[in-house]
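> got a sequence here, can you build the structure:
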Amino acid sequence: MSRTGLFGLLAEFDTADGIVRASRAVHQEGYRRLEAYTPYPMEEVLDALHLHQTHVPKVVLAGGILGLLFGFGLQYYCQVVSYALNIGGRPIASWLPWVVPSFETTVLFSAFGAVIGVLALSGLPQPYHPVFNVPRFAQAASRDRFFLCIEAIDPKFDLDGTRQFLRSLGAVEDTEV
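Model prediction:
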C-alpha cells in the first residue's frame with residue numbers, strides 16, 4: 001500500500017474551480033484521509049469534502065454544564081457545608097442568590113471549552129507538517145495555488161493508482177510527501 005516514510009501524495013491545481021471539481025471527485029471516489037490547502041477560505045471545498053461536521057459545539061455545551069455544576073456546587077459547599085450560618089431565619093441552601101454567579105461560571109467554562117475544543121480538535125498548535133517539506137508548496141500555497149493531499153494511510157491509497165487519478169482530474173503537478 002504505502003512506502004515507509006511516505007505521508008501522502010500532494011496534487012497542485014492552478015484554479016479554484018479545479019480544486020473544487022477535484023475535491024468532489026476524490027470524495028466520490030471514496031478517499032477520506034485528505035486535506036485541501038487554498039490561499040483563501042473556500043466553502044465549496046469544505047462542502048465537497050464534507051468537512052462541516054464539527055464537535056466543538058458539544059465541547060462548549062459540556063463546558064457550560066460543567067461550569068453550571070461547578071458554580072452551584074462551590075456556592076453550596078461554601079454556604080451549606082463549610083460555613084453554614086442561619087441569619088434571620090433564612091434558609092441555608094437558597095438557590096436564588098446563586099443564579100448570577102452560576103451563570104457567570106457557565107459562560108466562563110463555555111468560553112474555555114470553545115478555545116480548548118477548537119485548538120484540540122483542529123490539531124493546533126502544529127509547528128511542523130510533512131507538506132512543508134515540498135518546495136512548491138512552501139512557495140505558492142499561500143499565494144495563488146491550490147493543493148490537495150491524499151494521505152498514505154487512506155484505505156484506498158495506492159501510489160500509482162492515486163497519482164493517475166489525480167492527473168486525470170487536472171492536477172498540474174503531483175509530488176510525494
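> confidence-wise, which helix or strand of the chain is lowest on average?
helix 135-140 (a mean of 88; mean pLDDT, DSSP states H and E).
> who does the very next helix or strand once past that one pair up with?
Under the assignment DSSP states H and E, the closest C-terminal helix or strand after helix 135-140 is strand 146-151. Using DSSP bridges, strand 146-151 pairs in its sheet with strand 8-13 (antiparallel), strand 34-37 (antiparallel).
> did I read that right, Asp174 in a strand?
Yes. Secondary structure of Asp174 (DSSP: H, G, I helix; E, B strand; the rest coil): part of a strand.
> how about the residue lying closest to it once chain neighbours are set aside, what does it touch?
Using C-beta to C-beta, 6 or more residues apart in numbering and skipping the chain neighbours, the partner closest in space to Asp174 is Ala11 (4.7 Å). To be clear about C-beta, it is placed using only N, CA and C from the backbone, and glycine gets the same treatment. By C-beta atoms under 8 Å, 6 or more residues apart in numbering, the contact set of Ala11 is Ala22, Phe147, Leu148, Cys149, Ile150, Leu166, Leu169, Ala171, Glu173, Asp174.
> tell me the pLDDT of the closest residue to the second one other than its chain neighbours.
Distance criterion C-beta to C-beta, 6+ apart; nearest residue to Phe147, sequence neighbours excluded, is Tyr37 at 4.2 Å. Residue-level confidence at Tyr37 comes out at 93, pLDDT.
> pLDDT (mean, whole number) over the stretch of helix or strand Arg167 belongs to?
Element membership for Arg167 (DSSP H and E) is helix 159-168. For helix 159-168, the mean per-residue pLDDT is 94.
> closest to Ala93 out of the strands paired with strand 146-151?
Smallest distance to Ala93 across those (C-beta to C-beta): 52.7 Å, for strand 34-37.
> just the residues contacting that closest one, thanks.
With C-beta under 8 Å, 6+ apart, strand 34-37 has contacts from 8, 19, 23, 26, 42, 45, 49, 131, 137, 141, 146-151, 154.
> select only the buried ones of those residues in PyMOL?
The PyMOL selection below is limited to those of those classed as buried (16 or more other C-beta atoms under 10 Å):
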select buried, resi 8+19+23+26+42+45+49+131+137+141+146+147+148+149+150+151+154
